[in-house]
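> structure for the following, please:
(chains A and B)
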2 protein chains.
Amino acid sequence: MPFWDKLEDLLPLNIISYSQEEKYVYRTDSTKFNGDPDIIINVTNQKEVIIAVNFAAKNDIPVIPRGAGSGMSGGAVPIKGGIVLNFEKMNQILKIDKKKRIAYVQPGVVVSDLQDKVKELGLYYPPDPSSNKVATIGGTVAENAGGLHCVRYGVTSRYVKGLKFVDSKGYLYSTGIYNNKYLPGASLLVGSEGTLGVITEIALELLEEPILKDTFLTYHESFMDAVNTVIKIKKTDIDPSVMEIIDSNSLKAVTQFKDINLKTGTDTVLIIQLDSNLLTDLLDRSSKLENLFKKLNILGYKKAESSLEAEDIWSLRRAISSSIKRISPNKLNEDISIPISEFPRIVEIVRNIENKYGLKIVIYGHAGDGNLHINILYDRNNKSETDNTIFAAEDIFKNTVQLGGSITGEHGIGLSKKNFLSLQYSKNEIGFMKKLKKAFDPALIINPDKIFNVQKDN
Amino acid sequence: MPFWDKLEDLLPLNIISYSQEEKYVYRTDSTKFNGDPDIIINVTNQKEVIIAVNFAAKNDIPVIPRGAGSGMSGGAVPIKGGIVLNFEKMNQILKIDKKKRIAYVQPGVVVSDLQDKVKELGLYYPPDPSSNKVATIGGTVAENAGGLHCVRYGVTSRYVKGLKFVDSKGYLYSTGIYNNKYLPGASLLVGSEGTLGVITEIALELLEEPILKDTFLTYHESFMDAVNTVIKIKKTDIDPSVMEIIDSNSLKAVTQFKDINLKTGTDTVLIIQLDSNLLTDLLDRSSKLENLFKKLNILGYKKAESSLEAEDIWSLRRAISSSIKRISPNKLNEDISIPISEFPRIVEIVRNIENKYGLKIVIYGHAGDGNLHINILYDRNNKSETDNTIFAAEDIFKNTVQLGGSITGEHGIGLSKKNFLSLQYSKNEIGFMKKLKKAFDPALIINPDKIFNVQKDN
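Numbering: from 1, shown residues only, chains lettered A, B, ... in the order given. Just a heads-up that it's a prediction; the model follows:
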C-alpha cells in the first residue's frame, strides 16, 4: 500500500485498518447498499479527524463519516471507496452541565447511553429513534432523527446548541454555544446526512425529566378509526408525548411470537403516552383523554396501572420490527411524513397498492407526528416480487408528495431515495441544494454521491 | 436612458422612477452612508420582483431590497448603484389564519400594523424593535430583529414558518409552511441582511395574546446595582417579558424634556414587565419579584396600578432616543450583545473608554436579553470628536468580542460594522460565509458589498 504509507506517518498505526474483515464490516450499513472502502480509520479524537480530512483533501479521496452503521438509507456506505471515518471509539460524554442543562458529547456516543446518563441527573434527552440502543448521536444529528416522543418534544435539530466540525479542507470550526458565535450555515450540518462537513463534537440541550407518565393502549376496529382518534386528540390540548399507530399486519406479525391481550375485533391499536412533572396537570389531561375515548366510542382501551403494565404495552411496539423480520425474508422500510389530515387518504392508497401488486404491507409509526413507517414485505430471491416492491415504493412516494408529504421522515435520502428526490423537489430546488453542497465541499470528497450526484465545476 | 428602456417594456411605467428626488430619498437609510441608485422600482407584487431581479441578473446590475429605510447599519444603501427595490407598496397582510395562528404577509407590512391587526383577533406577534411603527416585516426578517420582548419571546427567526423568495437569477422558491417543504439553506435568508435573495412573502407564527400585564419601574443607586438585579431575576423562574435598562446619561437626557418622578439618589432604572393569561400565574410571579426587590435592598420601585401608569413608565423608555438626538448633534448607536454575566465588566470598560476619549456615552437596551445599545454622542463638525468616537466604538467592539459577546445584537453588520467583522470572526469563518454568499449569488448582484466584500470567481 505505497500510497497510504503517507497516512501511517501522520496517524497512530493502531487506528488504521486495511484488513479485509474490517473493510467487509464497513462496506455497508442497515441497507442493501455496498461500497468498497480503501481504508478504515477508527478515530479517537478531534486531531485525528482533522489530519484524516486534510489528507483526503490533499489527495482528492472520499471521506465517509460513520457512526454505528444503523442508518436506513445508505448514508454511511462508501460507494466511491476512500476513507471510512469510524466514530465508534469517539464515544465520550465529555461533560454534562446540570445547571445550564447542556451535554457536550463526541459523535460516537450511543443515544441511549446519553439518555441513561442524563436520567441519573434528573434530565432528559428526548430524540429516541427505535435504534437508540445502537445509533450514535453523530448519526442522529446527521439524519436529524426524531422518534417516538417527537410529537411533543420535536426532533434532534431542536436540541443542537453547538457544533464543532471539520470542513472539506480539514479546518476546524466551533459554533453556537462553544463560543457564543453564530456562524451562518453551520446549522445546515444538522440533517445534511454527513455531506457538508465532519462533526467532531456536539452540545445538546437537555430537558427536565418528566417523572410522571400515563400510558394507554387503545383498540380500534379499523385503521381509519385509529387515525381519526389521533386527529381528534391533536385538536385538543391533551398534548401527548407519544402517539404510535400499529396496523393489523403488524399486530399479526407480533402475535405470532408474543402473547398479547387484545379486545376482540381489534384491527389497529394506538399507544398513547402523556407525561408531566405536575400531578394535577397529568390527571387533568389524562381524564380529558379518557373522556374523549368515551365520546369517540372507540372499541376500548387499557390504561397501564403500573410501570410493569406500561412496560408490557411498550414491549408490543418494540417487538414489531423483529417480528416482521421473522415472517418475511426481506422488507423495504420506507418512512414517509405526511400531514395528519391526509392519513386516511394515504392509507387507502397504500392498501390499493398492496392489492395491485399482491404484496403485504405493514404500517406503523409516529402517527402523532405524521411520520409513518411503511414496510413492504418481500423475498429478494423472488425477482417479480422484488420488482413489484420497488414499483410499489415509487407509487407510495408519488402519492405522498401529491398529498403534500415528504418522502423521508427521519431516515434520510442517502442512496435509497436518490431516485425519488425529484418527485419532491423541482429542478431549481435541487440545483439550489447542489450549490450549497459545492459551497461547503467544492472538491466533492465529503460523503460523495449521497442525496444526489453533483458534478465538479471546471 | 436608453439602457433602462428595456425595463420599461417589462414593468408598468408608474412603478419605475429615475427622478432626482426619489433617488435622493432612497440613497440612504438611518445611517450616514450614501449611495447613488440608478433607478427605483416601487414593486407592488411578486411578479414584478421576479422581472426586476431577472433583468438585473441578465444585465449584471446590483439589486438592493429596501423596506422603510429605518435600518441602523446601512443594509439598504445602494453603494454600488443599481436598482433599489422598494417594498413600501407591497404592504398587504394577505391572510391571518386564526386557527393555525399564522399570518401571511408581504415584506412591506409595517411591524406595528401587523401587531395591531392580530391583536384585534386576540393574537400576538412579539418582535418589536423600537422602530416598529416604521420598520417593515421584510426589514426585520432580513436583520433578524429582536426588541423589548425578546428576553421572553425570542427574536424574529423563531416566528418565520415559511418564506417565498426570489434567487439571484430571478427564480421563485416557496419553502416551509407554503408547501410543507423543507429546503435546506432557505432559513439562512432570515438574518442575511438582504444579501442572499429577495424575500417576497413571509408566513409568521403568532402567539395567543397575553392579556394580563404587570409593569415595574425600579430605582438603583448605580448601573451595577441595576445589572445585578437583572442577573438575580434571570436566575429565578419569574421570567419577565421585558427587562430594559436605562443609565444615568439617558435619564439626564430624558429629564431635560419630560417630568419624571424618580426617587432621590436614582442613577439607573429598570423597566420590568411580566405578562400572562392566568391571573394566579401573574400574581405568583409578581409577588416573587417584589420579594426579590426587598431582599436585594434596591433603592425603590414603583408598580403601575393602572394601564395609565404603565403607559407613563413606557413613555420614559420611548423618549430616550429622541431626547438624545436633541442634546447631541450626532450619535453613533452601536448595539452589542454580551452574556449577562459580563455586563458589569463591559460597563466598567465603556466608562473607562468614555473618560479616555472625553466623550459622553449613553447606555440603554434589552438587558434581559444581553443586548445593549451603546450610543456615543458627538458632533460630526468636530473632527477630533468624530475620530475619537470611531476609536471608542472600535475599543468597545474589541472588548465585547473578548468577553464572548457579539458586535451586533439586532442592527446587523451592513456597512457600518464591515471593518469590525474580523474582530469577531476568523479568516476561515469569514471565508465560510463568503462561500455561502457566492453559492446563493455567484454574480454578486444581490445587495453587494454588505457585511463583507466578496470577489467574483473567474
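> skipping adjacent residues, who's closest to the residue in chain A positioned nearest to chain B in space?
Here chain A gets closest to chain B at one residue, residue A:439, 3.5 Å apart by C-beta to the nearest C-beta. In this view, the C-beta of every residue, glycine as well, is placed from N, C-alpha and C. In space, and not counting its chain neighbours, residue A:439 is closest to residue B:439: 3.5 Å by C-beta to C-beta, 6 or more residues apart in numbering or on different chains.
> which of the three states applies to that neighbour?
Secondary structure assignment for residue B:439 (DSSP: H, G, I helix; E, B strand; the rest coil): helix.
> okay, now it: neighbour count?
Using other C-beta atoms under 10 Å in any protein chain shown, the number of residues around residue B:439 comes to 21.
> which residues does it contact?
Residue B:439 makes contact with A:435, A:436, A:438, A:439 under the criterion C-beta atoms under 8 Å, 6 or more residues apart in numbering or on different chains.
> pick out the most distant pair among these.
The distance between the two most remote of the contacts of residue B:439 (C-beta to C-beta) is 7.3 Å, for A:436 and A:438.
> among those two, which residue is more densely surrounded?
Ranked by neighbour count (other C-beta under 10 Å), residue A:436 and residue A:438 place residue A:436 first, with 22 against 18.
> pull the contacting residues for that one.
If you count contacts by C-beta under 8 Å, 6+ apart, residue A:436 has them with A:188, A:196, B:184, B:185, B:436, B:439.
> residue A:36 and residue A:320, how far apart?
Relative to residue A:320, residue A:36 is positioned 34 Å away (C-beta to C-beta, to the nearest Å).
> between the two, who's got more neighbours?
A count of neighbours by other C-beta under 10 Å puts residue A:320 above the other of residue A:36 and residue A:320, at 23 against 13.
> what count of nearby residues applies to the spatially closest residue to the more buried one that is not a sequence neighbour?
Residue nearest to residue A:320 in three dimensions, not counting chain neighbours: residue A:250, with 5.0 Å by C-beta to C-beta, 6+ apart. By other C-beta under 10 Å, 25 other residues sit near residue A:250.
> residue A:250 touches residue A:327, doesn't it?
No: at 10.5 Å, residue A:250 and residue A:327 do not qualify as touching, with contact defined as C-beta atoms under 8 Å.
> which other helices and strands does the helix or strand hosting residue A:228 contact?
Residue A:228 belongs to helix A:223-234 when assigned by DSSP states H and E. Here helix A:223-234 touches strand A:212-220, strand A:242-246, strand A:268-276, helix A:279-296, helix A:343-357, going by 3 or more C-beta pairs under 8 Å, 6 or more residues apart in numbering or on different chains; DSSP states H and E.
> number of nearby residues for the nearest residue to residue A:216 once chain neighbours are set aside?
Spatial nearest neighbour of residue A:216, chain neighbours left out: residue A:272 (4.4 Å); criterion: C-beta to C-beta, 6+ apart. Neighbours of residue A:272 under the rule other C-beta under 10 Å: 28.
> which residue ranges form the helices in the stretch 351-458 of chain A?
Secondary structure of the stretch 351-458 of chain A, counting by DSSP state H, counting those that start in this stretch: helices at A:383-402, A:421-424, A:427-440.
> go ahead and name everything in contact with the first one.
The set of residues external to helix A:383-402 that reach it, using C-beta under 8 Å, 6+ apart, is A:332, A:334, A:336, A:338, A:346, A:349-350, A:353-354, A:356-359, A:361, A:374, A:376, A:378-380, A:406-407, A:417, A:420, A:423-424.
> quick one: contacts for residue A:86?
Each residue near residue A:86 by C-beta under 8 Å, 6+ apart is listed here: A:26, A:40, A:41, A:42, A:43, A:66.
> for chain A, what lies in contact range of chain B?
With the criterion set to C-beta under 8 Å from any C-beta of the partner chain, chain A comes near chain B through A:167, A:171, A:173, A:179-185, A:187-188, A:191-192, A:339, A:404-406, A:424-425, A:428-429, A:432-433, A:435-436, A:438-440.
> ok, of those residues, which come out buried?
The neighbour-count test (16 or more other C-beta atoms under 10 Å in any protein chain shown) marks A:167, A:171, A:173, A:180-181, A:183-185, A:187-188, A:191-192, A:405-406, A:424-425, A:429, A:432-433, A:435-436, A:438-440 as buried among the residues of chain A next to chain B.
> ok, residue A:344 touching residue A:225?
No: with contact defined as C-beta under 8 Å, residue A:344 does not count as touching residue A:225 (10.2 Å).
> which of the two has more neighbours?
Neighbours per residue (other C-beta under 10 Å) separate residue A:344 from residue A:225, with residue A:225 holding more: 18 against 14.
> so the more buried one sits right up against residue A:268, yeah?
Yes: between residue A:225 and residue A:268 there is a contact at 7.1 Å, judged by C-beta under 8 Å.
> show me the shaky parts of the stretch 351-458 of chain A.
Within the stretch 351-458 of chain A, the ranges that satisfy pLDDT under 70 run A:458.
> hmm, 80 instead?
Counting by pLDDT under 80, the stretch 351-458 of chain A has low-confidence residues at A:457-458.
> give the buried residues for the helix holding residue A:228.
By 16+ other C-beta under 10 Å, the buried positions in helix A:223-234 come out as A:223, A:225, A:226, A:227, A:228, A:229, A:230, A:233, A:234.
> quick check: residue A:364 vs residue B:137, distance?
Taking C-beta to C-beta as the measure, residue A:364 falls 42 Å from residue B:137.
> who has more neighbours, those two?
Using other C-beta under 10 Å, the more surrounded residue of residue A:364 and residue B:137 is residue B:137, with 30 against 25.
> let me see the contact set for the more buried one.
B:67, B:105, B:106, B:107, B:108, B:109, B:110, B:111, B:114, B:202, B:204.
> inside strands: which ones of those?
Among the contacts of residue B:137, the members found in strands (DSSP state E) are B:105, B:202, B:204.
> please tell me which one of these counts the most neighbours.
Neighbour counts for the ones in strands among the contacts of residue B:137 (other C-beta under 10 Å) peak at residue B:202, which has 29 neighbours.
> return the distance of residue A:90 relative to residue A:199.
Per C-beta to C-beta, residue A:90 is found 10 Å from residue A:199.
> so what sits against both of those two?
Residues touching both residue A:90 and residue A:199 (C-beta under 8 Å, 6+ apart): residue A:107.
> before we move on, back to that, give me the distance from the helix holding residue A:228 to the chain's centre.
When distances are taken as C-alpha atoms, centre = their mean, to the nearest Å, helix A:223-234 is centred 24 Å away from the chain's centroid.
> again with stretch A:314-325
Per C-alpha atoms, centre = their mean, the displacement of stretch A:314-325 from the mean C-alpha position of its chain is 17 Å.
> how about that stretch: buried residues?
Across stretch A:314-325, burial judged by 16+ other C-beta under 10 Å covers A:314, A:316, A:317, A:319, A:320, A:321, A:323, A:324.
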